[in-house]
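[1] Pasted the sequence and its predicted model underneath.
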Amino acid sequence: MNCIKEILDAKGIKQVWLSEKLGKSYNMVNSYVQNRSQPSLEILNEIAEILDVDVKDLVVSNKSKI
């Protein structure tokens, strides 16, 4: 799972803009944003750079908090 949608919303950035910056189709970026597919680590790093966030901010931890 990723938090791309939340970060885009918080920064007021549209998926179309992100898809242009990544050089990916809108449909591909939309599938990342909707968590239908997950970007590779390389793409995740690119997204983090473009959005000026730490790559860790883009992912949801699967570890439960005790």
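    Here it is on my side, so go on. Residues are numbered from 1 along each chain as shown.

[2] longest helix in the protein, by residue count?
    helix 41-51 (DSSP state H).

[3] list the buried ones in that helix?
    Neighbour counts over helix 41-51 (16 or more other C-beta atoms under 10 Å) mark L44, E46, I47, A48, L51 as buried. All C-beta atoms are positioned from the backbone trio N, CA, C, and that covers glycine.

[4] Can you name the residues that contact the second one?
    Okay, so that is E46. L22 (C-beta atoms under 8 Å, 6 or more residues apart in numbering).

[5] ditto for the one 3 residues further on
    By C-beta under 8 Å, 6+ apart, E49 lies in contact with nothing.

[6] Would you state the helices of this protein in chain order?
    So, for the chain - with DSSP H - the helices run 4-11, 15-22, 26-33, 41-51.

[7] Present the ones you listed as JSON lines; the columns should include mean pLDDT.
    As requested, the helices of the chain are exported to JSON lines (pLDDT from 0 to 100):
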{"stretch": "helix 4-11", "mean pLDDT": "96"}
{"stretch": "helix 15-22", "mean pLDDT": "98"}
{"stretch": "helix 26-33", "mean pLDDT": "97"}
{"stretch": "helix 41-51", "mean pLDDT": "96"}
